[in-house]
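Student: Mind folding the following:
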Amino acid sequence: MNLVKASEMFGFQHGDRPAPNSAGTRSPVLAMNGMVATSQPLASAAALRVLQDGGNAVDAAITAGAVLNVVEPMATGIGGDMFALVYMQQDGKPVGLNGSGWAGSKASLDFFRSRNLDLVPGIGMHSVSVPGAVAGWYKLHGKYGKLPMRRLLAPAVEYAENGFPVSDIISAQWQASEAKLRLTPDAARNLLVNGPGGRAPRHGEIFRVPELARSFRMIAEQGRDGFYKGEIARKIVEFSNKNDGMLTLPDFADFDAQWVEPVSTTYHGYDVNELGPQTQGVTALEMLNILEGYDLKSLGHNSAEYLHLMIEAKKLAFADRDAYIADPDKAAVPVSRLISKEYAADRRKLIDKDCAMPVARPGPQEHGDTVYLSVVDKDRNAVSFINSLYEPFGSGLVAGDTGIVLQNRGALFQLDPRHPNVIAPRKRPFHTLVPAMVLKDGKPVFSFGVMGADMQPQGHVQVLVNLIDFGMDVQQAGESPRFRHAGDEVFLESAFEASVRSALVRKGHNVGGTVGAFGGYQGIIIDPRSGALMGGSDPRKDGLAIGW
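Tutor: Have a look, this model is predicted:
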């Protein structure tokens, strides 16, 4: 069958939509009884069924996260980590959950020095930390869940056992990782068609992961202990020992997710909540504080003058991120100073409106893979939820016959003994994952996130400015063209005009080509006037916002 673009079939062109946002790809999704926004339609549909069956936003978020493990396996999984910001009516305030794992007990500077390594490799067991996702799911469910965990994980088991059709963008990302998956027999057997020497599944092809289905069944039946104190933990540790890893059985048995207090700042009358260290949530807040001192709207959306200020604020906030953020249980992090208005005013003085500053401490050019999802239920409980393996297919390893892809979050540790993020036993690495939630007058009005490693805080800021300063709707705010600053380069999506690129170059910016990694956004607004739910999903992903 020949697949033809909609524009060729129906004559649609950019700007032809009969809507106020005529250049957009779609309208916001509106509903009253519940809303789900994820990066893959099967996950959105499964979560919506949970809401319709009487589950709440937490139940639906867990279901969506589990299904995404199966249908978007390069980005997320039970071998990775998760974080969440949750507003439940019974609490009356947002609470945070840190479901990120720690380094193994064998992790130390001497371990890496003895192997002549001066950085943590991104592929292989040296980058694998204890997976925190399952502990996070059960922590959330134990406090807030309504439906049994077996019910919540059933859709993931079904798709893993019986198969699912691989969607468009996910297929392309899978194909880009074929060489990585061919490196080890377990990864190839589980994640390539025809196993070792095989290929990634193509768009529309049905794919099954029976070994992962078995692990999911075990977790559903035995609970979190089935993962951290049972057969799964033993198999992962055995696999670690065979591959020069740093994990031990007590590292699993002693681990748990943590409830944490969100950090927040105000931006033009809205309370913006993020998660604090060891995540980069404070980076987004520092950017917003710096930018609040400018009249961005008067500069024109995505003008060179506007982009210049955004990029300079990003440079300053990321310099602080790279210098200070680490596990707060193991290092002192000056959070209050970094997110204060006074500190932002001092940092703002370093910005020259006409000239780009040199990057004082460039961050790594990360292009991580992550899934973000948001759920709001009929009671207006809201969950902002993020789950990740870090880079595509994490460490590139599947732990034996468990079907579980192991993350490579340990690659974000430093091996400089003077750095607060230096590797150490049972220390959590610096984390890029940051779910976000915006409140107005103490009530949630916007639950959202942007995926993609160092794209996340700069993506958060661009979405919020689109929404608050420029009055865009929940869909337009997320799909509007974005910039990404990484290292010493500015990357612009193709929709930016050549005149904007030239003007940035004249200001001293190093404008590079496209990196194809501008993040993927999902968001839900709770309209404070009508109570309606408004969902948006990024066309940069295969995602879907859906309500009822």
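Student: I'd like the mean pLDDT over the helix or strand harbouring residue 235, please.
Tutor: Take DSSP states H and E as the rule and residue 235 turns out to sit in helix 231-242. Helix 231-242 comes out with an average pLDDT of 98.
Student: tell me which residues of that helix are tucked away?
Tutor: Residues of helix 231-242 classed as buried: 232, 233, 235, 236, 237, 239, 240 (neighbour count, 16 or more other Cβ atoms under 10 Å). To be clear about C-beta, it is placed using only N, CA and C from the backbone, and glycine gets the same treatment.
Student: What are the neighbouring residues in contact with residue 256?
Tutor: By Cβ atoms under 8 Å, 6 or more residues apart in numbering, the residues touching residue 256 are 135, 139.
Student: neighbours of the closest residue to residue 240 other than its chain neighbours, just the number please.
Tutor: Spatial nearest neighbour of residue 240, excluding adjacent residues (Cβ to Cβ, 6 or more residues apart in numbering): residue 247 at 4.2 Å. By the criterion of other Cβ atoms under 10 Å, residue 247 has 27 neighbours.
Student: likewise residue 462?
Tutor: When neighbours are counted by other Cβ under 10 Å, residue 462 comes out with 27.
Student: Determine how far the helix holding residue 235 lies from the middle of the whole chain.
Tutor: Between the centre of helix 231-242 and the centre of its chain there are 27 Å (Cα atoms, centre = their mean, to the nearest Å).
Student: repeat for stretch 518-532
Tutor: 17 Å.
Student: now swap in stretch 349-362 and tell me
Tutor: Remark: stretch 349-362 is offset 28 Å from the chain centroid, using Cα atoms, centre = their mean.
Student: quick one: contacts of that stretch?
Tutor: With Cβ under 8 Å, 6+ apart as the criterion, stretch 349-362 contacts 290, 305, 308-309, 311-313, 315-316, 318-319, 322-323, 487-488, 504, 507-509.
Student: and what of stretch 260-269?
Tutor: The contact list for stretch 260-269 (Cβ under 8 Å, 6+ apart) reads 85, 94-98, 271-276, 281-282, 285, 288-289, 292, 335, 339, 341, 437, 440, 464, 468-469.
Student: just to revisit the earlier point, check which helix or strand the residue nearest to residue 240 maps to.
Tutor: Here residue 247 is assigned to no helix or strand, by DSSP H and E.
Student: and what of the one 4 residues further on?
Tutor: Here residue 251 is covered by helix 249-253, with elements defined by DSSP H and E.
Student: And for residue 43?
Tutor: According to DSSP H and E, residue 43 maps onto helix 41-52.
Student: Next, the angle from the helix or strand following that helix to helix 41-52.
Tutor: The helix or strand immediately downstream of helix 41-52 is helix 57-71, counting by DSSP H and E. If you take axes from the mean of the first three to the mean of the last three Cα atoms, to 10 degrees, helix 57-71 sits at 160 degrees to helix 41-52.
Student: Packing partners of helix 57-71?
Tutor: strand 35-38, helix 41-52, strand 81-88, helix 133-144, helix 149-162, helix 210-222, strand 369-376, strand 382-390 (3 or more Cβ pairs under 8 Å, 6 or more residues apart in numbering; DSSP states H and E).
Student: Residue 474: which of these is closest?
Tutor: Of all the helices and strands packed on helix 57-71, the one in closest proximity to residue 474, counting by Cβ to Cβ, is strand 35-38 (8.9 Å).
Student: Any idea how far the closest one is from the middle of the chain?
Tutor: The chain centroid and the centroid of strand 35-38 are separated by 15 Å, computed with Cα atoms, centre = their mean.
Student: Can you list the strands that that strand pairs with?
Tutor: Pairing partners of strand 35-38, with direction, according to DSSP bridges: strand 369-376 (antiparallel), strand 544-547 (antiparallel).
Student: Mind listing what's buried along it?
Tutor: Neighbour counts over strand 35-38 (16+ other Cβ under 10 Å) mark 35, 36, 37, 38 as buried.
Student: and what of stretch 109-125?
Tutor: By 16+ other Cβ under 10 Å, the buried positions in stretch 109-125 come out as 111, 112, 120, 122, 123, 124, 125.
Student: tell me the mean pLDDT for that stretch?
Tutor: If you average the pLDDT over stretch 109-125, you get 96.
Student: Kindly state the beta-bridge partners for residue 485.
Tutor: Those that pair with residue 485 in a beta bridge, by DSSP bridges, are residue 490.
Student: what number of residues lie near it?
Tutor: By other Cβ under 10 Å, neighbour count at residue 485 equals 25.
Student: and what of residue 343?
Tutor: Applying other Cβ under 10 Å, I find that residue 343 has 17 neighbouring residues.
Student: What of the one 3 residues further on?
Tutor: The burial count assigned to residue 346 is 11, neighbours taken as other Cβ under 10 Å.
Student: per-residue confidence at residue 487?
Tutor: Listed pLDDT for residue 487 reads 84.
Student: let's have the chain start at 257 instead
Tutor: Got it, the first residue is 257 from now on, which makes the last one we talked about residue 743.
Student: list the contacts for residue 272?
Tutor: Here residue 272 is in contact with residue 278 (Cβ under 8 Å, 6+ apart).
Student: So which of the contacts of stretch 516-525 sit within helices?
Tutor: Using DSSP state H, the members of the contacts of stretch 516-525 that fall within helices are 537, 538, 541, 544, 545, 591, 597, 720, 724.
Student: most neighbours, which of those residues?
Tutor: residue 537 (32 neighbours).
Student: How about that one, nearest residue that isn't a chain neighbour?
Tutor: Among residues not flanking residue 537 along the chain, residue 530 sits closest, at 2.9 Å (Cβ to Cβ, 6+ apart).
Student: For the one you found, list the residues it contacts.
Tutor: By Cβ under 8 Å, 6+ apart, the contact set of residue 530 is 341, 518, 519, 520, 537, 538, 540, 541, 690, 691, 692, 716.
Student: what bits of the stretch 257-406 of the chain have low per-residue confidence?
Tutor: 257-271 (pLDDT under 70).
Student: Next: the stretch 657-804 of the chain.
Tutor: Residue ranges of the stretch 657-804 of the chain with pLDDT under 70: 770-772.
Student: Do a quick rundown of the helices in it.
Tutor: With helices called from DSSP state H, counting those that start in this stretch, the stretch 657-804 of the chain shows them at 711-724, 730-735, 754-762.
Student: Quick check: residue 422 vs residue 368, distance?
Tutor: Residue 422 is 37 Å from residue 368, where distance means Cβ to Cβ, to the nearest Å.
Student: Equivalent analysis for residue 627, please.
Tutor: The gap separating residue 627 from residue 368 is 30 Å, by Cβ to Cβ.
Student: and which of the buried residues of stretch 365-381 is nearest to residue 710?
Tutor: For the buried residues of stretch 365-381, the nearest to residue 710 is residue 378 (14.6 Å; Cβ to Cβ).
Student: ok, that closest one - contacts?
Tutor: Residues in contact with residue 378 (Cβ under 8 Å, 6+ apart) are 647, 651, 664, 667.
Student: Regarding it, what is its secondary structure?
Tutor: Going by DSSP: H, G, I helix; E, B strand; the rest coil, the secondary structure assigned to residue 378 is coil.
Student: What's the separation between it and residue 473?
Tutor: Separation of residue 378 from residue 473 (Cβ to Cβ) stands at 31 Å.
Student: which residues does the nearest residue to residue 461 once chain neighbours are set aside contact?
Tutor: In this structure, residue 461 finds its nearest non-sequential neighbour in residue 422, 5.4 Å apart by Cβ to Cβ, 6+ apart. Residue 422 sits next to 327, 430, 457, 458, 459, 460, 461, 462, 463 when contact means Cβ under 8 Å, 6+ apart.
Student: Tell me which two in these are the farthest apart.
Tutor: 327 and 458 (14.6 Å).
Student: For the closest residue to residue 757 other than its chain neighbours, give the beta-bridge partners.
Tutor: Excluding the flanking residues, the one nearest residue 757 by Cβ to Cβ, 6+ apart is residue 767, at 5.2 Å. Taking DSSP bridges as the rule, residue 767 bridges to residue 746.
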